[in-house]
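Undergrad: Model the structure of this input:
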Amino acid sequence: MTTRESPRAAPSAPPAAAAGRTPVEPLPADSAAAARGPDLRGRTAVVTGAAGGIGRACAERLSASGAAVLLVDRDADGVQALEEAGTGTAAPVDLTDLDAAAEVARGADILVNNAGVQTVAPIEEFPPDRFALILRLMLEAPFRLVQAALPHMYAQGWGRIVNISSVHGLRASPYKSAYVSAKHGLEGFSKVAAVEGAARGVTSNCINPGYVRTPLVEAQIAEQARAHAIPEDEVVEAVLLARSPLKRLIEPAEVAAMAAYLCGPEASYVNGASLAMDGAWSAS
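TA: Numbers count the residues shown, from 1 in each chain. Okay, the predicted model is just below:
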């Protein structure tokens, strides 16, 4: 399977870490610079699941910060439309093809692992082939992407891995055995990448949102209505937000802002973290 390569701008990277020391990045000169977000000019960012939802919001935010963004998604029309709108370079790829997944990450300075799918069913009814596909897409593919990206990151002494996990990486819900398993696995993998990359200028973190206003969540409403035998108009408050003290969906742009922060100098010491954006769900 062939993929399109992102334009590779020459990175303005700090020198590689020497003798186990991590380069210290300068902070912005003033608070106004911080408010504008990180300056990512000269960086190449790979964003998976970029055609919509959180992935699209992350791609737009990183592009606005100056990064050259590679838009990875199996939705060829979706990423092509983003490219035509001036956000990044389209790379139509099915990430369940693990060799193709690895190829798109080579040379990345920033990697945002976001692509995912959902199936809602009791364990005894869960299709085994669907369980395997979800783990391949949401755990094996991130492993292959990170594995391919690390040599370049290590060589320049700088890299950012942002894994879009979920509150379901911290908690479980019924009828989501594959999704919860994949996200828990991603949490562990992210921490290993953080420990291995720390002395070489590479950070790896998870963002753990609750329910975000995305097509994936909207598609769950009908599934959850069937699983819980309730009307669809009751699902959001009675099921999706039942355990969230803050009773609203998260906007994709909020998650993208956190992702951009993790790529900036103020977050250079944030590593191996799982950053909850769940309206106090995991605190209650």
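Undergrad: can you give me the strands in the stretch 51-200 of the chain?
TA: 68-73, 89-92, 110-113, 159-164 (DSSP state E, counting those that start in this stretch).
Undergrad: Tabulate these (JSON lines), appending mean pLDDT, mean neighbour count and distance to Glu254.
TA: C-beta coordinates here come from the backbone N, C-alpha and C atoms, glycine included. Listed next are those as JSON lines, based on pLDDT from 0 to 100; neighbours: other Cβ atoms under 10 Å; distance: least, Cβ to Cβ, whole Å:
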{"stretch": "strand 68-73", "mean pLDDT": "98", "mean neighbour count": "29", "distance to Glu254": "19"}
{"stretch": "strand 89-92", "mean pLDDT": "98", "mean neighbour count": "21", "distance to Glu254": "25"}
{"stretch": "strand 110-113", "mean pLDDT": "99", "mean neighbour count": "30", "distance to Glu254": "15"}
{"stretch": "strand 159-164", "mean pLDDT": "98", "mean neighbour count": "28", "distance to Glu254": "12"}
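Undergrad: Distance to Cys206 for those - can I get that in a markdown table?
TA: Formatted as a markdown table, those follow (distance: least, Cβ to Cβ, whole Å):
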| stretch | distance to Cys206 |
| --- | --- |
| strand 68-73 | 19 |
| strand 89-92 | 23 |
| strand 110-113 | 9 |
| strand 159-164 | 5 |
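Undergrad: quick one, which of those is nearest to Glu234?
TA: Among those, strand 159-164 comes nearest to Glu234, with 27.6 Å by Cβ to Cβ.
Undergrad: what's the top strand by length along the chain packed up against?
TA: Counting residues, the longest strand found in the chain (DSSP state E) is strand 202-209. For strand 202-209, the packing partners by 3 or more Cβ pairs under 8 Å, 6 or more residues apart in numbering; DSSP states H and E come out as helix 141-156, strand 159-164, helix 177-197, helix 252-262, strand 274-277.
Undergrad: what's the most buried one of the ones you listed?
TA: Among the helices and strands packed on strand 202-209, the stretch with the highest mean neighbour count (mean count of other Cβ atoms under 10 Å) is strand 159-164, at a mean of 28.
Undergrad: What lies in contact with it?
TA: With contact meaning Cβ atoms under 8 Å, 6 or more residues apart in numbering, strand 159-164 is reached by 49, 54-55, 58, 108-114, 116, 142, 146, 149-150, 152-153, 186-187, 189-190, 193, 197, 201-207, 209, 255, 259, 262-263.
Undergrad: Mind doing that once more with 6 Å?
TA: By Cβ atoms under 6 Å, 6 or more residues apart in numbering, the surrounding residues in contact with strand 159-164 are 54, 110-114, 146, 153, 186, 190, 193, 202-204, 206-207, 259, 262-263.
Undergrad: on that earlier part again, let's test this: mean pLDDT of the longest strand of the chain, rounded?
TA: For strand 202-209, mean pLDDT rounds to 98.
Undergrad: so the next helix or strand after that strand versus helix 177-197, what angle?
TA: Proceeding N to C from strand 202-209, the next assigned helix or strand is helix 215-228, under DSSP states H and E. Helix 215-228 and helix 177-197 are oriented at 140 degrees to each other (axes from the mean of the first three to the mean of the last three Cα atoms, to 10 degrees).
Undergrad: Buried residues, helix 215-228. List them.
TA: The neighbour-count check on helix 215-228 (16 or more other Cβ atoms under 10 Å) flags Leu216, Val217, Gln220, Ile221, Glu223, Gln224, Ala225, Ala227 as buried.
Undergrad: now for it, which elements pack on it?
TA: Helices and strands touching helix 215-228, by 3 or more Cβ pairs under 6 Å, 6 or more residues apart in numbering; DSSP states H and E, are helix 235.
Undergrad: hmm, who's touching the helix it packs on?
TA: For helix 235, contacts defined as Cβ under 6 Å, 6+ apart pick out Ile221, Gln224, Ala225.
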